[in-house]
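1. sequence plus the predicted model coming up.
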Amino acid sequence: MKIALFGGSFNPVHYGHLRLAVEVLEALKPDRLDFIPCANPPHKSGPALLPFSLRVKILREVCGNYPEFYVNTLEADRAGASYTKDTLAEYKKNYPTEELYFILGSEDFAQLDAWRYWRMLPSFATLLVVPRQGVEEAEFIEHVASFWPEAARMGDLPDFARSGYAECGQGKVLYMPLPRLDINASLVRRRWMDGRKIDFWTPSAVIRELEEQRDLVETHWK
């Protein structure tokens, strides 16, 4: 069994997230793709989050038409900050014989060494790096060499990967070029708060939920 893991705040979920998930489904062909909403981001300076329960509700609504999509709320079951290392370790414990792939945008991968216990991440799941905003393969290669000087470039790559490295700690890191929509949640939030239309950036179910919960949303996003 092959499981793809897609973490994020999803504040709110938008077509950039969803289209990327569909691209991963078609390229990687996992048995399941898990959306993992972050419960308590460790970086306090980040954007104000909608309540976890609301983000989960919206995610489940928009993912309902895809049988391969699953929303996992495991981070809400842990006290304290939600660290990726803890989440991936829990997956590895619960699925010890499955192939686990953690989807990571190239912009986040470039800052991986600022994450807690980042060197351990490939030992829990293969890192699947997806480029964005002109980030090229050469930059991916430079980052891998910086993070894991002992890494060995893979010659025998899976069909969906363009580059890959083994011996990144105790795991692998793969570069997976896929089309990505240049949409980000901060832009969606700002447009909505300014009273502008966010149609075609996020599903109608998201827009409907934001409107129905307007007072609550404005309190968090102001």
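-> All right, it came through fine. Numbers count the residues shown, from 1 in each chain.

2. okay, CA-based contacts and neighbour counts for the rest of this
-> Will do.

3. name the residues of stretch 168-187 that come out as buried.
-> Across stretch 168-187, burial judged by 16 or more other Cα atoms under 10 Å covers 168-169, 171-178, 180-181, 184-185.

4. oh, that last question was meant for stretch 127-140, not what I typed.
-> 127-132, 137, 140.

5. let's have these in CSV, adding pLDDT, distance to Asn11 and secondary structure.
-> Formatted as CSV, the buried residues of stretch 127-140 follow (pLDDT from 0 to 100; distance: Cα to Cα, whole Å; DSSP: H, G, I helix; E, B strand; the rest coil):
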residue, pLDDT, distance to Asn11, secondary structure
Leu127, 98, 23, strand
Leu128, 97, 22, strand
Val129, 96, 21, strand
Val130, 94, 20, strand
Pro131, 87, 21, coil
Arg132, 75, 19, coil
Glu137, 89, 29, helix
Phe140, 93, 27, helix
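
6. what is the nearest of the residues you listed to Val22?
-> Using Cα to Cα, Val130 is the member of the buried residues of stretch 127-140 that lies nearest Val22, at 13.1 Å.

7. verify the stated contact: the closest one with Ser163.
-> No - with contact defined as Cα atoms under 8 Å, Val130 does not reach Ser163; the gap is 11.3 Å.

8. between the two, what contacts are shared?
-> Residues touching both Val130 and Ser163 (Cα atoms under 8 Å, 6 or more residues apart in numbering) are 175-176.

9. what helices or strands is the helix or strand of the chain with the lowest mean pLDDT leaning on?
-> Scoring the helices and strands of the chain by mean pLDDT, DSSP states H and E places helix 106-109 at the bottom, with a mean of 92. On a contact count with 3 or more Cα pairs under 8 Å, 6 or more residues apart in numbering; DSSP states H and E, helix 106-109 meets strand 126-130.

10. longest helix in the chain, please.
-> helix 15-28 (DSSP state H).

11. list the contacts for Phe52?
-> Phe52 neighbours (Cα under 8 Å, 6+ apart): 37-39, 76.

12. now do 10 Å
-> Going by Cα atoms under 10 Å, 6 or more residues apart in numbering, Phe52 touches 9-11, 37-40, 73, 75-76.

13. for it, give its distance to Ala4.
-> The gap separating Phe52 from Ala4 is 21 Å, by Cα to Cα, to the nearest Å.

14. which residues of the protein fall in strands?
-> Secondary structure of the chain by DSSP state E: the strands cover 2-8, 32-37, 69-71, 99-105, 126-130, 152-153, 163-168, 171-175.
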